[in-house]
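[1] Got a sequence here, can you build the structure:
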Amino acid sequence: MSQNTENSGALSEEELQELVASSDAGARSPAGAVGTMMAVVAIVWSLFQILLASPWAPYILPGSIINNSRLFHLSFALFLVFLAYPLTKKSPRDYIPFYDWILAVAGGLIALYGYFFYQKIVDAGGLADNMDKWFALSGLIILFMGAWRALGPAMATLASIFLMYVFFGSADWVPEVIQWKGASLKKAMSHMWITSEGVFGIALGVSTKFVFLFVLFGALLDKAGAGNYFIKMAFGALGHLRGGPAKAAVVGSAATGLISGSSIANVVTTGTFTIPLMKRVGFSSEKAGAVEVASSVNGQIMPPVMGAAAFLMVEYTSTPYIQVITHAFLPAAISYIALVYIVHLEAVKKNMPTLTAEREITMARTIVGMFSFFIVFAGLCYGTQYPVDAVTSLVPSAAGVVLTAVVLGIYVLLLKLAASVPDLEPDDPNAKEVKLPIIGEIYKAGLYYLLPILVLVYFLMIKQSSPGLSAFWATALLLVILVTQRPLKEMFRGQNQFAIAFKDGLVDLMQGLIDGARNMIGIALATATAGVIVGTVTLTGIGQVMADLVEFLSGGNLVAMLVLVGILSLILGMGLPTTANYIVVSSLMAGVVVELGAQNDLIVPLIAVHLFVFYFGIMADVTPPVGLASFAAAAVSGGDAIKTGFVAFFYSLRTVALPFVFIFNTDLLLIDVTWTQGILVAIVSTIAILVFTAGTMGWWLTKSKIYESIALVAIAFVLFRPDYVMNRIQPPFNAVEPANLAQALGEANPGDEVRIVVRGPDFDTLESKDVTLVLPVGDEPTGEERLAAFGLSTMVEGDAVQLEEPFPQTTFSTKLGGFDFYGDEVVTVASAKATAEQSPKELVFIPALIFLGLIGMLQLARSRKEGEMA
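    As a prediction, this is how the structure comes out:
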């Protein structure tokens, strides 16, 4: 009876799917000819994007379509959004009102305005005329209406506010600090719709080239049955442990994060199975939901996809894709490790039972087994290059055909292996007796699902092809799998229902293409609408004004500014999808954090700031009162949504702490580290996150005293930031008189750094400003030559060291371009620092680990004493 009461607030399976659909794909699915038409349009969109990403696109598609692919991408999204997303919750679901038809057709056509009138726009130099401006304004209005339906009111409202600022920036009611001259309707519409500065900018381009293929890949992989396979494997590996269902939820959500970029879909997909089992072993409804929320939301920070953010970071930071996911990997991995440890501590604290009679002693075996799997998979990804290179060298002209045949042959062999065991059926988590899957029996059933993932990782990581082409080859293999897996299994099992199996495979394929397209509607509209905000920043310069405001509020303190940026990301994220939130905040704040970091004598890589913004953006799906993932989890568990959100936020503290760590210690992002250093950083940071988790949970080997918890958090800080301690023992830089700059450069060793602060009048405002430059010492024989290598030239004038304008296209010509070198006030070298001799910061680990051992001994002794008393 109590269980029924507790579950009374939970939604049914049908209601949960409705929740996911209304959020991610649109709640309207009319039957009959209209429904068929919508499905055909979605399939055509998916096929168009597959063809666009293929190596044969230039030979099949006209150049005009390829060059205007962003327009077609948005056209499909605008047409479908008004058909798939009802105007209100009370609007009809079974048919499409006439006004939605009008908006769908108008949106689809206006998005293609630049394609229809391409030559006219080119002849006008991209400047809008009177006809252009009215079509562009209509397009923006329809875009905002579509974004309102698919994403909620926040995105459209925020974009409208920015657009109003473009027009009314000079009005008296606008605060003087952010006033600007304003723009005419023609100029604004030209910038926002006709050129590639606004709606059709970088963000929509990334959505067109990369994101669609990865979303489609996920939809097809899920339709093939990989989602259920991953969940069963995770449950089979971890379900027998104490708190096993929660641990399985974490690992399953990490794997499902590869399939779904949506935290809500991830919650419902894995949560409908794991949450009831978590409650069965002793988790409350809120804690069970919170575990699922924390693990599902974190799916977005896991490479190689990271929602859409990985590809946007490539464009915004000019960082190669392979480097972006390398930088993102370690924080994401240790974040998941910490979450597994959190649920382990929750289970230990409450002495939760296991689902089976197996003993907790199998924990070590489980860890070794999972670690071995990842090592083998990574080895396969890396080792694949050698046979591929061999085939390429032996038959260069036919290498593609041979390799395709080899991959298909491996697929057939793995499918034959899968046919030797029964197909995996979803389990009932509410059954009276839960039977754990046995890894040794079920692993064969889905090994072939790893093949397209292997292909994807190989092309991304080893061959380093473009993300779009990598996703194309992986998706192409999935298309083959979806069509053939059913009939081939029939053949291998000696059955003869080939026609039915082939038909079912085609249905799966069509549904996967439809799901991929419908899941992309919101992402396409989010990136397009965010383009208006980015366009406003580039047109008006409001970004610098807001940067000055945030700098003023933070008092020039970098930590305070990071806190403000984090809060801004959380606030915006309460109404914006993660991708749009990331685009907006990074456009406004990324450069400011880098600049203020330099003023605080901290060189912050741009990629670190973008990851910082992204991490806080995903937290908005957790944080009440608008955390959509928390509401979805509460709908599954029957718990209180607000309480679930707060518990999930507490579980996600490590996701909040890690961005602050890697801003100040970029070793965590594996930036400029050797293999040896990288391995050491991975080991120590894993220990640090586990110690931090134990400190915040108030439990390690036993219940912690308050002072022990504080000490554990302090130890974690030292392990994460050994430089903070070492810099106070031995400062990393020695002050140098600016007049002796050349001498200091000459005395420095190659590879050392000399940092200078340049002070002078701003070219636009004439107000004095500072810019920090990092001069990596080269191999030139003298200090003067080393200075000249950077294009810098100084002249001593009394007590001042005057800096002359750098030579064009030299190292710092762009960075110093904002100074007025020809005004009354000269540009000077205000201060200089040279690298000082410093002991390795890793030495700090030794006392920290000794101190950790002492706390462990205290807790172990207390635990034994408590056991004897019990």
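[2] so residue 622 sits right up against residue 296, yeah?
    No. Taking contacts as C-beta atoms under 8 Å, residue 622 lies outside contact range of residue 296: 9.5 Å. Bear in mind the C-beta positions are built from the backbone N, C-alpha and C, glycine included.
[3] what's the overlap in contacts for those two?
    Shared contacts of residue 622 and residue 296 (C-beta atoms under 8 Å, 6 or more residues apart in numbering): residue 629.
[4] and the helix or strand where residue 552 lies, what does it pack onto?
    In this structure, residue 552 sits in helix 542-554 according to DSSP states H and E. Using 3 or more C-beta pairs under 8 Å, 6 or more residues apart in numbering; DSSP states H and E, the elements in contact with helix 542-554 are helix 558-573, helix 578-599.
[5] what about that helix, average pLDDT?
    Averaged across helix 542-554, the pLDDT comes to 74.
[6] any idea of the angle that helix forms with helix 578-599?
    When axes from the mean of the first three to the mean of the last three C-alpha atoms, to 10 degrees is applied, the directions of helix 542-554 and helix 578-599 differ by 60 degrees.
[7] burial measure for the nearest residue to residue 510 once chain neighbours are set aside, as a count.
    Of all residues not flanking residue 510 in the chain, residue 43 sits nearest, at 6.2 Å (C-beta to C-beta, 6 or more residues apart in numbering). Neighbourhood size, residue 43 [other C-beta atoms under 10 Å]: 18.
[8] And residue 43, how far from residue 501?
    21 Å (C-beta to C-beta, to the nearest Å).
[9] does the spatially most central residue of the chain belong to a helix or a strand, and which?
    Nearest to the mean C-alpha position of the chain, by C-alpha atoms, centre = their mean, lies residue 306 at 3.3 Å. Assessed by DSSP H and E, residue 306 sits outside every helix and strand.
[10] Who are the contact partners of it?
    Neighbours of residue 306 in contact, by C-beta under 8 Å, 6+ apart: 300, 325, 328, 614.
[11] Strands - which of the residues you listed land there?
    With DSSP state E as the criterion, strands contain none of the contacts of residue 306.
[12] picking up where we left off before, between the helices and strands packed on helix 542-554, which gets nearest to residue 28?
    Nearest to residue 28 among the helices and strands packed on helix 542-554 is helix 578-599; the distance by C-beta to C-beta comes to 22.7 Å.
[13] which parts of the closest one are buried?
    578-590, 592-598 (16 or more other C-beta atoms under 10 Å).
[14] so what's the closest residue in space to residue 807 that isn't next to it in sequence up against?
    Using C-beta to C-beta, 6+ apart and skipping the chain neighbours, the partner closest in space to residue 807 is residue 791 (4.3 Å). Contacts of residue 791 were listed using C-beta under 8 Å, 6+ apart, and they are 806-807, 810-813.
[15] What's the ChimeraX syntax to select whichever of those are buried?
    In ChimeraX, this line selects whichever of the contacts of residue 791 come out buried by 16+ other C-beta under 10 Å:
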select :806,811,812
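[16] mind listing the strands for the stretch 301-450 of the chain?
    Taking DSSP state E, counting those that start in this stretch, the stretch 301-450 of the chain contains no strands at all.
[17] Can you pull out the low-pLDDT segments for it?
    305, 307-308, 355-367, 369-370, 429-431, 434 (pLDDT under 70).
[18] Also the stretch 1-150 of the chain?
    Using pLDDT under 70, the flagged stretches of the stretch 1-150 of the chain are 1-26.
[19] hmm, 50 instead?
    Along the stretch 1-150 of the chain, segments meeting pLDDT under 50 span 1-8.
[20] quick one, helices of it?
    Ranges of helices in the stretch 1-150 of the chain, per DSSP state H, counting those that start in this stretch, are 2-6, 13-20, 32-53, 57-60, 63-67, 69-84, 98-111, 113-116, 118-123, 130-151.
[21] Distance from the fourth one to the middle of the chain?
    Mean-position distance between helix 57-60 and its chain equals 31 Å (C-alpha atoms, centre = their mean, to the nearest Å).
[22] Go through the contacts of residue 306 and say which is closest to residue 204.
    So of the contacts of residue 306, ranked by how close each gets to residue 204 (C-beta to C-beta), first place is residue 614, at 18.5 Å.
[23] what's the neighbour count on residue 472?
    Neighbours of residue 472 (other C-beta under 10 Å): 26.
[24] so which strand or helix has the residue nearest to residue 569 when sequence neighbours are not counted?
    Spatial nearest neighbour of residue 569, excluding adjacent residues (C-beta to C-beta, 6+ apart): residue 616 at 3.7 Å. Counting by DSSP H and E, the element that carries residue 616 is helix 606-619.
[25] What's the mean pLDDT across the helix or strand just after that helix?
    Note on helix 606-619: by DSSP H and E, the next helix or strand toward the C-terminus is helix 628-637. The pLDDT scores in helix 628-637 average 82.
[26] and the spatially closest residue to residue 673 that is not a sequence neighbour, how many neighbours?
    Of all residues not flanking residue 673 in the chain, residue 667 sits nearest, at 5.6 Å (C-beta to C-beta, 6+ apart). When neighbours are counted by other C-beta under 10 Å, residue 667 registers 24.
[27] thought residue 667 was touching residue 681?
    Yes. In this structure residue 667 lies within contact range of residue 681 using C-beta under 8 Å: 4.9 Å.
[28] Residues that sit against both of the two, list them.
    Common neighbours of residue 667 and residue 681 (C-beta under 8 Å, 6+ apart) are residue 673.
[29] what's near enough to touch residue 290?
    If you count contacts by C-beta under 8 Å, 6+ apart, then residue 290 has 630, 633, 644-645, 647-648, 650-651 around it.
[30] Just the CA trace of the helix or strand harbouring it, in CSV.
    Applying DSSP H and E as the criterion places residue 290 in helix 285-297. The C-alpha coordinates for helix 285-297 follow below in CSV (Å, rounded to 0.1, in the frame of the first residue of the first chain):
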residue,chain,number,x,y,z
SER,A,285,11.9,9.4,-4.3
GLU,A,286,13.7,12.7,-4.3
LYS,A,287,17.2,11.2,-3.9
ALA,A,288,16.5,8.6,-6.6
GLY,A,289,15.3,11.3,-9.0
ALA,A,290,18.3,13.5,-8.1
VAL,A,291,20.8,10.8,-8.9
GLU,A,292,19.2,10.3,-12.3
VAL,A,293,19.1,14.1,-12.9
ALA,A,294,22.8,14.6,-12.0
SER,A,295,23.9,11.7,-14.1
SER,A,296,21.7,12.5,-17.1
VAL,A,297,22.6,16.2,-17.2
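[31] Tell me what angle it forms with helix 628-637.
    Going by the same axes, to 10 degrees, helix 285-297 makes 130 degrees with helix 628-637.
[32] what are the ranges of the helices in the stretch 401-550 of the chain?
    Taking DSSP H, counting those that start in this stretch as the criterion, the stretch 401-550 of the chain carries its helices at 439-442, 450-457, 467-492, 498-540, 542-554.
[33] one step back: how about the contacts of residue 290, which pair is most distant?
    633 and 650 (14.2 Å).
[34] Which one's more surrounded, those two?
    residue 633 (34 against 16).
[35] my read: that one touches residue 297, true?
    No. Counting by C-beta under 8 Å, residue 633 sits too far from residue 297 to count as a contact (10.0 Å).
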